[in-house]
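Asker: Turn this into a model:
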Amino acid sequence: MLQTRGTRQRVAMLISRAHGPDVRVEKEAHTLALAGYQMHVIAWDREGRHPVHTIEHTPGSLSAALADWSNQPATAPTSVVVTHIQVQAGYQTGRRLLRTLPVFWWRAFQELRRFQPDIVHAHDLDTLPVGMAYGRLARCPVIYDAREYYPGMVRDNVGSWLTRGLERLDRWLTPRTDAVVTVGERLAARFRLMGGSVWVVHNSQPLPDHAKLDQRARVLREEWGIPEGALVVVYVGWLNPDRLLLPLVDAVRQIPDVWLIIGGDGPQKVDLQRAAQNCERIRLLSWVPLHEVPEVVAAGDVVYYGLNARNPNSQYFMPNLGFYALGVGRPLLVTPVGEIAAVVQRERCGLVLVDATPEAALKALRQLRNTPVRLALARQAQRLGRSRFHWGRAADTLLQLYTCLSGVKNCHNSEEFRTNFTDENRYS
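Answerer: From the prediction side, this is the model:
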């Protein structure tokens, strides 16, 4: 793996929500800090709940996972400066956000001028305009971290005409950035067609300590009252209709030795509680803290994730929970939508439902009750997690990109920059 370069170049990351922390920003920022970059996260605190200035230290699990990669001891002191720009706006406010977004952009621009970064790393389309404005003024590289199909993601919230405007903005800005970092091959293909120089940095997780996880998983199964030999299906995340959990609930109720553990919160929680009544094999947990997600996943035998095909963003989706499953070595049960379904089908690390119905879920659960079949899928999931889909691998790709950018002050139309984007380095 690549070793730390020892540079102290300044990097500013922009994000249009509070850093509470944001999982991807945290991993990227602290990975680069471990590699020697001076990191500053500029976040939009829309509800005024966070301190204006904080120092965030590298999580122990991430530091330990990257100790070999960074050629530093696991206890190496690294930190990231976080500035929260407090502009009241709220979330899911639709077109009303247009009144406050320019205010955030202006204050973020002033913070960029104060910090004077050598590289700007803009997360999502809604921070890219201010990142590009500063990059052109300061003649420094700008990275577009496109982890969603943004116009499709906000379509239902902002309406069709604004969605079309965002699509045009995305297509205009993408080829003018110095690099596009995205999370999967489907999004990568989209941005390549738009003229972007694309690097795939999967939103994977650090490899866990499997011995500790297995011990904690046994404790959790005992606490939940799950008998020996039962099949346990797990879902952890936001509880909304797009996750298509109700068909799975209906199927689980029909098979006596199958249990379902659902962790999270959201608008469909009451419906799920009602559906789970009179079935002790369906357990709803409260919101699961991020550091406990691997433990809950490890306590299951199968991890479920559903996607609504009517949501345009779903077609590109490879969720965080999928990477947790592969890291822990649990097979996936997914609906036939998104990149996650393509990965499961291609790599044979789980089952893809024919459609999101109780009948399809029932058929799949009966297949997964076959222990040799399930264990074969689990071995493949673990192999993928250890070889390709872990944060150490993603960190290498991220640092390769930064190594390229760090030596080029003005990358626009630079031959030196373009020739560094080899096929080997672009795609993981």
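
Asker: hang on, residue 242 packs against residue 317?
Answerer: No. In this structure, residue 242 is not within contact of residue 317 by CB atoms under 8 Å, at 10.0 Å. For every residue, glycine as well, the C-beta is placed using N, CA and C.

Asker: Who has more neighbours out of those two?
Answerer: residue 317 (24 against 19; other CB atoms under 10 Å).

Asker: so what pLDDT did the more buried one get?
Answerer: pLDDT for residue 317: 88.

Asker: give me the number of residues near the closest residue to it other than its chain neighbours?
Answerer: Spatial nearest neighbour of residue 317, excluding adjacent residues (CB to CB, 6 or more residues apart in numbering): residue 338 at 3.9 Å. The number of residues packed near residue 338 is 26, by other CB under 10 Å.

Asker: Tell me which residues touch residue 338, please.
Answerer: Contacts of residue 338 were listed using CB atoms under 8 Å, 6 or more residues apart in numbering, and they are 186, 307, 314, 315, 316, 317, 318.

Asker: Now the two most distant members of these.
Answerer: Farthest pair in those (CB to CB) is 186 and 307. Separation: 12.4 Å.

Asker: So between those two, which is more surrounded?
Answerer: Between residue 186 and residue 307, counted using other CB under 10 Å, the more crowded position is residue 307 (23 against 16).

Asker: Is the more buried one in a helix, a strand, or coil?
Answerer: The local conformation at residue 307, judged by DSSP: H, G, I helix; E, B strand; the rest coil, is coil.

Asker: re the thing from before, between residue 242 and residue 317, what contacts are shared?
Answerer: residue 307.

Asker: Can you give the contact residues for the strand or helix carrying residue 137?
Answerer: Per DSSP states H and E, residue 137 falls inside helix 128-138. By CB under 8 Å, 6+ apart, the residues outside helix 128-138 that reach it are 14, 105, 108-109, 112-113, 116-117, 120-122, 140-142, 144, 169, 173, 176-178.

Asker: so after it, what's the next helix or strand?
Answerer: Using DSSP H and E, the helix or strand that follows helix 128-138 in sequence is strand 142-146.

Asker: Within the sheet, what are the partner strands of that following strand, with directions?
Answerer: strand 119-123 (parallel), strand 179-182 (parallel) (DSSP bridges).

Asker: Show me the contacts of residue 338 that map onto helices.
Answerer: Judged by DSSP state H, the contacts of residue 338 include residue 186 as members of helices.

Asker: Rebuild the contacts of residue 338 as TSV, extending it with distance to residue 219.
Answerer: Output for the contacts of residue 338, formatted as TSV (distance: CB to CB, whole Å):
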residue	distance to residue 219
186	38
307	31
314	35
315	39
316	37
317	32
318	30
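
Asker: Output the helix holding residue 137 as CSV, restricted to C-alpha atoms.
Answerer: Only the C-alpha atoms of helix 128-138 are listed here, as CSV (Å, rounded to 0.1, in the frame of the first residue of the first chain):
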residue,chain,number,x,y,z
LEU,A,128,-19.7,22.6,-6.0
PRO,A,129,-20.5,26.1,-7.3
VAL,A,130,-18.8,27.9,-4.4
GLY,A,131,-15.9,25.4,-4.6
MET,A,132,-15.5,26.1,-8.3
ALA,A,133,-15.7,29.9,-7.8
TYR,A,134,-12.9,29.8,-5.2
GLY,A,135,-10.9,27.3,-7.3
ARG,A,136,-10.9,29.6,-10.3
LEU,A,137,-10.0,32.6,-8.2
ALA,A,138,-7.2,30.9,-6.3
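
Asker: What residues sit buried inside that helix?
Answerer: 128, 129, 130, 131, 132, 133, 134, 135, 138 (16 or more other CB atoms under 10 Å).

Asker: Next, format those residues as JSON lines and append pLDDT and distance to residue 382.
Answerer: Below are these laid out as JSON lines (pLDDT from 0 to 100; distance: CB to CB, whole Å):
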{"residue": "128", "pLDDT": "98", "distance to residue 382": "37"}
{"residue": "129", "pLDDT": "97", "distance to residue 382": "42"}
{"residue": "130", "pLDDT": "98", "distance to residue 382": "42"}
{"residue": "131", "pLDDT": "98", "distance to residue 382": "38"}
{"residue": "132", "pLDDT": "98", "distance to residue 382": "41"}
{"residue": "133", "pLDDT": "98", "distance to residue 382": "45"}
{"residue": "134", "pLDDT": "98", "distance to residue 382": "43"}
{"residue": "135", "pLDDT": "97", "distance to residue 382": "41"}
{"residue": "138", "pLDDT": "96", "distance to residue 382": "45"}
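
Asker: Take the residues you listed and write them to a markdown table, including distance to residue 208.
Answerer: Output for the buried residues of helix 128-138, formatted as a markdown table (distance: CB to CB, whole Å):
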| residue | distance to residue 208 |
| --- | --- |
| 128 | 33 |
| 129 | 38 |
| 130 | 37 |
| 131 | 34 |
| 132 | 38 |
| 133 | 41 |
| 134 | 38 |
| 135 | 37 |
| 138 | 40 |
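
Asker: residue contacts, the residue nearest to residue 143 when sequence neighbours are not counted?
Answerer: Of all residues not flanking residue 143 in the chain, residue 121 sits nearest, at 4.5 Å (CB to CB, 6+ apart). Applying CB under 8 Å, 6+ apart to residue 121 gives the contacts 11, 12, 13, 14, 28, 131, 142, 143, 145, 181.

Asker: does the third one have beta-bridge partners, and which?
Answerer: Per DSSP bridges, the residues bridged to residue 13 are residue 41, residue 121.

Asker: Could you report the pLDDT at it?
Answerer: Looking at residue 13, the pLDDT reads 98.

Asker: Quick check: it vs residue 183, distance?
Answerer: 16 Å (CB to CB, to the nearest Å).

Asker: Between these two, point out the one with more neighbours.
Answerer: Shown here are residue 13 and residue 183; by other CB under 10 Å, residue 13 has more neighbours (28 against 25).
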